[in-house]
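**Student:** Please work out how this folds:
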Amino acid sequence: MSKHHELFESIRKRTGMYFQEPTYSAVAAFVLGYDTAHEGGVLSGFKEWLVLQLGTGSNLTWTALVLHAAFPDEPSPQDAVVSSPATQRQAIESLFNLIAEFHETRANRDGLRKIFVSYDYWIKQQGLE
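**Tutor:** Below you'll find the predicted structure:
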């Protein structure tokens, strides 16, 4: 995972070098494409982990869940992110912080399995199965 971590840290530090428009939308699209190019292996379990962290949002994509984590008090996080360059930066920082936390959790012994088992249990507790 270190090559992914190095790339994501480089993008975090020098977002403007990688993107003409350094927006959350552009960065999230890149991360999604990067994950797709790695056959979904980089972010496998990320959505489920985010749902467990937030305690809600099983019907949302990980891109939307990151915004809910970045702007927890906003009624519409998707609207909040576009309000200024500062909120764009906040969303980008949140994305990379969350990915780093997720990868730490996933790197633990049976980390990915534990995420999926916990998510399954959470879904059943919510009556969403």
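**Student:** which residues in this structure form helices?
**Tutor:** With DSSP state H, the ranges of helices along the chain come out as 2-13, 15-18, 24-37, 46-54, 62-70, 77-81, 85-107, 111-126.
**Student:** Using a markdown table, lay out these together with mean pLDDT and mean neighbour count.
**Tutor:** All C-beta atoms are positioned from the backbone trio N, CA, C, and that covers glycine. Below are the helices of the chain laid out as a markdown table (pLDDT from 0 to 100; neighbours: other Cβ atoms under 10 Å):
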| stretch | mean pLDDT | mean neighbour count |
| --- | --- | --- |
| helix 2-13 | 90 | 14 |
| helix 15-18 | 92 | 13 |
| helix 24-37 | 95 | 16 |
| helix 46-54 | 97 | 21 |
| helix 62-70 | 96 | 21 |
| helix 77-81 | 86 | 17 |
| helix 85-107 | 95 | 17 |
| helix 111-126 | 95 | 14 |
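**Student:** Tell me how far Phe71 lies from Lys47.
**Tutor:** As judged by Cβ to Cβ, to the nearest Å, Phe71 and Lys47 stand 18 Å apart.
**Student:** so who does the closest residue to His38 other than its chain neighbours touch?
**Tutor:** Nearest residue to His38, sequence neighbours excluded (Cβ to Cβ, 6 or more residues apart in numbering): His4, at 7.9 Å. The contact partners of His4, taken as Cβ atoms under 8 Å, 6 or more residues apart in numbering, are 34, 38, 42, 103.
**Student:** Wait, the first one touches Gly41, no?
**Tutor:** No - the pair Tyr34 and Gly41 does not pass the contact test of Cβ atoms under 8 Å, sitting 10.5 Å apart.
**Student:** then stretch 121-129 to CSV, C-alphas only?
**Tutor:** Coordinates of each C-alpha in stretch 121-129 appear next as CSV, following Å, rounded to 0.1, in the frame of the first residue of the first chain:
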residue,chain,number,x,y,z
TYR,A,121,-23.7,-6.7,11.6
TRP,A,122,-24.5,-2.9,11.4
ILE,A,123,-26.8,-3.4,8.4
LYS,A,124,-28.7,-6.1,10.3
GLN,A,125,-29.0,-4.0,13.4
GLN,A,126,-30.4,-1.2,11.3
GLY,A,127,-32.9,-3.5,9.7
LEU,A,128,-31.6,-2.7,6.2
GLU,A,129,-30.9,-6.3,5.1
